[in-house]
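J.: Mind folding the following:
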Amino acid sequence: MADDFMQLEGWLQPLLDRLTDAERRKLALDIARELRRENAATIRAQHGPDGEAWAPRKNPMRDQRGQLRKRKAQSMFTKLAGAKHLRAQVEGGDAVVGFAGRTERIARVHHFGLRDSVKPGGPQYDYPARPLLGISDDFTKQLQDRLISHLAGS
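T.: Have a look, this model is predicted:
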């Protein structure tokens, strides 16, 4: 996948250089928004950008009496996938998708499978790696098509 980006970058760079800064910024923001939307969908589906399902939760959702909940449990990352926490922005001409604020630490722990406390001052737990952000092969193809169509329209 990295080779595809290198080939794409070498081929499209002269065309991208002809765009004005405003056009380049708008294109980068559109791409960042699409990438945020795709990553949010994979987070809600509880699988990584490569399509692999995440490791299941250790404890299923239980009600106050300790009984398993009958309704479908929500994704443990439902709120993280929202636009409040998962941000799409442009920094210096680059499209950036990432988590904002203190949710960045939580996302980092789960993305890389690090050790963290379950609650402040509570027991430590080794969380399994659950890749939250990434670029899928399908998105790479969509990105190539989008760049070509944008440059053809310019």
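
J.: Need the contact partners of the longest helix that the chain contains.
T.: Secondary structure assigned by DSSP state H gives helix 21-44 as the longest helix of the chain. With contacts defined as Cβ atoms under 8 Å, 6 or more residues apart in numbering, helix 21-44 is touched by 16, 19, 48-49, 75, 77-78, 80-83, 86-90, 93-97, 132-136, 139, 142-143, 146-147, 150, 154. C-beta here means a position set from N, CA and C on the backbone, and glycine is covered the same way.

J.: what's next to the next helix or strand after it, contact-wise?
T.: Sequence-wise, the next helix or strand downstream of helix 21-44 (DSSP states H and E) is strand 86-91. Contacts of strand 86-91 with the rest of the structure, by Cβ under 8 Å, 6+ apart, involve 25, 28-29, 32-33, 35-36, 39-40, 43, 80, 95-100.

J.: Just the buried residues of the longest helix of the chain, please?
T.: 27, 28, 31, 32, 34, 35, 36, 38, 39, 40, 42, 43 (16 or more other Cβ atoms under 10 Å).

J.: Now the host helix or strand of residue 138: buried residues?
T.: Using DSSP H and E, the element containing residue 138 is helix 137-153. Residues 139, 143, 144, 147, 150 are the ones in helix 137-153 that count as buried (16+ other Cβ under 10 Å).

J.: any chance of the residues you listed in TSV, plus pLDDT and distance to residue 122?
T.: Formatted as TSV, these follow (pLDDT from 0 to 100; distance: Cβ to Cβ, whole Å):
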residue	pLDDT	distance to residue 122
139	89	37
143	85	42
144	82	46
147	82	47
150	79	49
